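Engineer: Here is my input, please return the structure:
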Amino acid sequence: MELEVIMSVTESAIKIENVTKTFGRFEAISDVSLDIPKGSFTTLLGPSGCGKTTLMRLIAGFYEPDQGQIYIHGQQVNGTPVFKRNTPLVFQEYALFPHMTVYDNISYGLKLQNLSKQETKAKVDAMLDMFGLQGLQGRQPKELSGGQQQRVAFARALITGQQILLMDEPLSNLDAKMRVEVRNELRELQQRLGITAIFVTHDQDEALAISDTIAVFERGRIAQVGTPWDIYFKPQSPFVADFVGTANFVEGEVAAIEGNDIVVRSGSSLFRVCPSAGHSWRSGDKVTLVIRPECLSIIDEADIGGIRDNLWSGVIEKNSFLGRTIRYWVNGASLQWIVDDTSPSVRGYLRGEIHFTLDKHQIHVLPGAAR
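Structural biologist: So this is what the prediction gives:
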């Protein structure tokens, strides 16, 4: 049995086991366990104060856990100092040396390796090329854009050949367009080098776009771990569904079970749902339906006749133009709906009454009430 545990530990680049960290009376992390596979991109996602940055600093060695163990490449590192963990951390503030050039900032981590000038230059040149910083090696940080400074910070962290990279909201100082550009570059680089990346953010879109795995934090605990797809479309709690994206929550009761479908009654409305496997539903069960706005389809009145289930009408109260979509808030069937029109260039702005429908496979069911 002991051998099996050791083998399981070594399969992960980082393994967190039942870790708790308190500051005075405040419990920042409470009994958290998490496996981070080698070569993966894992994001710690959650609102401010949820514990994600605390866990990052525990991995890096800036904090020590009050309880639990942390393993890196199969070795327990509790009590191991920061400089021996080989886990460079890129902060929100890039922490570049303002009096040093780009070349000196990037090469700083090589000083302890006693490399020749030729070897150092070769490694720095490779980093400059990798991050698109050619020609900037003689500049100081104040002469760089925010995106360029961030690339220098990544290059400095990776030049010593580390296989783990920790990032604490590293893109939050960039404008929206630059954030997308740098995060895509970072994801491509992580995949090309095969490094293990752990990324802290409160930005849901960012997490969904670049992660292999997302760990959603809620009040010092992990609420759910899964792929971006599962986190978004198969949330395990109302908190995850509400924090990651936008959702309509419909509380109701299972009124009937018909084959693989369940019929849920909410007020005067009936919902036909084909729920995911893994839960046995019974008539009378209290449930919450999670419905994403983009899963609701606006239809023309002429098409109503061919639809039997999950068809509603409502009156638009307000709208918001989001570029690729127009979001409508609609009152209908005793509910207020959020409905996204994903083809705004076809219909333009809608007003008054609209009709909308929903595929029964696109409704996610949670047991119990939402709140």
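Engineer: doesn't residue 211 make contact with residue 183?
Structural biologist: No - if you go by CB atoms under 8 Å, residue 183 and residue 211 don't touch, sitting 10.4 Å apart. In short, each C-beta sits where N, CA and C put it, glycine included.
Engineer: Looking at these two, which is more packed in?
Structural biologist: Shown here are residue 183 and residue 211; by other CB atoms under 10 Å, residue 211 has more neighbours (23 against 20).
Engineer: Count the residues that sit near the closest residue to the more buried one other than its chain neighbours.
Structural biologist: Closest residue to residue 211 in three dimensions, ignoring its sequence neighbours and counting by CB to CB, 6 or more residues apart in numbering: residue 43, at 4.2 Å. Using other CB under 10 Å, residue 43 has 27 other residues around it.
Engineer: residues in contact with residue 43?
Structural biologist: Counting by CB atoms under 8 Å, 6 or more residues apart in numbering, residue 43 touches 198-201, 206-207, 210-211, 213-215.
Engineer: These in strands, which ones?
Structural biologist: In this view, those that belong to strands under DSSP state E are 198-201, 213-215.
Engineer: can you put the residues you listed in TSV and add pLDDT and neighbour count?
Structural biologist: TSV is the format used below for the ones in strands among the contacts of residue 43 (pLDDT from 0 to 100; neighbours: other CB atoms under 10 Å):
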residue	pLDDT	neighbour count
198	97	26
199	96	28
200	96	25
201	95	23
213	97	20
214	98	28
215	98	24
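Engineer: Could you find the closest non-adjacent residue to residue 330?
Structural biologist: residue 314 is the one closest to residue 330 (CB to CB, 6+ apart), at 3.9 Å.
Engineer: cool, and residue 227?
Structural biologist: In space, and not counting its chain neighbours, residue 227 is closest to residue 213: 6.5 Å by CB to CB, 6+ apart.
Engineer: what do you get for residue 294?
Structural biologist: Nearest in space to residue 294, with sequence neighbours left out and distances taken as CB to CB, 6+ apart, is residue 340 at 4.4 Å.
Engineer: any idea of the mean pLDDT for stretch 105-125?
Structural biologist: In this model, stretch 105-125 has an average pLDDT of 90.
Engineer: Can you pull the domain assignment for the protein?
Structural biologist: Here the domain assignment for the chain is 2-88+162-242, 246-367, based on automatic domain parsing.
Engineer: Surely residue 206 touches residue 171?
Structural biologist: Yes - with contact defined as CB under 8 Å, residue 206 reaches residue 171; the gap is 7.0 Å.
Engineer: what is in contact with those two at once?
Structural biologist: Counting by CB under 8 Å, 6+ apart, the common neighbours of residue 206 and residue 171 are 179, 183.
Engineer: The two - which one has more neighbours?
Structural biologist: residue 171 (23 against 19).
Engineer: Return the residues in contact with that one.
Structural biologist: Contacts of residue 171 (CB under 8 Å, 6+ apart): 150, 179, 182-183, 201, 206.
Engineer: The helix or strand encompassing the residue nearest to residue 330: which residues count as buried?
Structural biologist: Assigned by DSSP states H and E, residue 314 falls within strand 311-321. Under the neighbour-count criterion of 16 or more other CB atoms under 10 Å, strand 311-321 has 312, 314, 316, 319 buried.
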